[in-house]
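Asker: What would the 3D arrangement of this be:
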Amino acid sequence: MSLSKRTFGLLVLCALSLSAFAAQSASAITGTTAFTCKETGAGDFTKAHCKAADAGAGKFSHVVIPQNTTTEITGTNEKTGSETTSKTVAVIQTAATSVGIFVFEATGVSITGSLTNKVFENGEHYVEGPMTMTLTGVTASSPPGCKIAGGKIESVPLIATSAGQGMELQLAPKEGAKFFEFTTESCSNPALNTKGTVTGSTNGTLDGATLTFTEAETTAQKSLKVGFMGMIVGFGGSITLSGRSVGGGAYTPLSYTTVQT
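Answerer: Purely as a prediction, here's the structure:
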């Protein structure tokens, strides 16, 4: 009888332990943090951008960036193409209007600013910091004959954050609603020679050192709009992000990954 009570007691303790573990697992908080992706000789990635698809025995590894340490960042579309040897073209496209669809293409995309690894009181990891985005070599493929003044579009000061976004990075104006402006000129239809103000925010997906926006996904977000009628704007493009310590040193690809608390 004593043995049965002891056995029963052990079973109860095991059940309580399993319940506590299950509750702890259920309450685990998922967040995003940034590492540098460096060549270490023996590492967990086969390529320099530490993408999920390149996980495996290789020369590159995640190197920890301490919490609350600001990292200078730069990013371009220069090595976002196949095998990171070419660049991809960025596209801005509006929803259909009575005069057609506005489609702009940019051969150059760059980001400058900084990011900091942070942790909320509830344990969620996230990255956040100020940045600006610049598009160069901008041309209009629609409407016919239109050009973009100066061939350049530059955003207002932005705040980038992954807080509550999972493996996405949200870009939003630091103040107000304006994201960027553009001016069309030389259009076949003179009524289309105008200045447009794009407002709102947009999310891109993080994969290793690559931040990717797709026109379909950003259109579905319905968070970027232009004009008094609030036409939906889609944005597609890829950017490779690199970082360094504030004040100097060489830039190294940054890699973003999900962590649990």
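Asker: Endpoints of stretch 152-171, how far apart?
Answerer: 19 Å (CA to CA, to the nearest Å).
Asker: Now do the buried residues in it.
Answerer: 153, 155, 158-162, 165, 168-171 (16 or more other CB atoms under 10 Å). Where you see a C-beta, it was placed from the backbone N, CA and C, and this is true even at glycine.
Asker: Turn those into JSON lines, including pLDDT.
Answerer: Compiled in JSON lines, the buried residues of stretch 152-171 are given as follows (pLDDT from 0 to 100):
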{"residue": "Ile153", "pLDDT": "96"}
{"residue": "Ser155", "pLDDT": "97"}
{"residue": "Leu158", "pLDDT": "98"}
{"residue": "Ile159", "pLDDT": "98"}
{"residue": "Ala160", "pLDDT": "97"}
{"residue": "Thr161", "pLDDT": "97"}
{"residue": "Ser162", "pLDDT": "95"}
{"residue": "Gln165", "pLDDT": "92"}
{"residue": "Glu168", "pLDDT": "94"}
{"residue": "Leu169", "pLDDT": "95"}
{"residue": "Gln170", "pLDDT": "97"}
{"residue": "Leu171", "pLDDT": "97"}
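Asker: So which of these belong to strands?
Answerer: 153, 158-161, 168-171 (DSSP state E).
Asker: so can I have JSON lines of the residues you listed showing distance to Leu224?
Answerer: Shown next, in JSON lines, are those (distance: CB to CB, whole Å):
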{"residue": "Ile153", "distance to Leu224": "13"}
{"residue": "Leu158", "distance to Leu224": "12"}
{"residue": "Ile159", "distance to Leu224": "15"}
{"residue": "Ala160", "distance to Leu224": "15"}
{"residue": "Thr161", "distance to Leu224": "16"}
{"residue": "Glu168", "distance to Leu224": "15"}
{"residue": "Leu169", "distance to Leu224": "15"}
{"residue": "Gln170", "distance to Leu224": "12"}
{"residue": "Leu171", "distance to Leu224": "10"}
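Asker: what separates the nearest residue to Gln170 once chain neighbours are set aside from Thr136, distance-wise?
Answerer: Excluding its sequence neighbours, the residue lying closest to Gln170 (CB to CB, 6 or more residues apart in numbering) is Asn203, at 4.9 Å. Distance of Asn203 to Thr136, computed by CB to CB, to the nearest Å: 23 Å.
Asker: So between these two, which is more surrounded?
Answerer: Asn203 (19 against 15; other CB atoms under 10 Å).
Asker: In contact with the more buried one, which residues?
Answerer: For Asn203, the contact set (CB atoms under 8 Å, 6 or more residues apart in numbering) comprises 165, 168-171, 213, 217-218, 221, 223.
Asker: Glu78 too?
Answerer: By CB under 8 Å, 6+ apart, the contact list for Glu78 reads 87, 240.
Asker: can you rerun that using 7 Å?
Answerer: Glu78 sits next to Lys87 when contact means CB atoms under 7 Å, 6 or more residues apart in numbering.
Asker: Equivalent analysis for the one 10 residues further on, please.
Answerer: Thr88 makes contact with 77, 80-81, 237-238, according to CB under 7 Å, 6+ apart.
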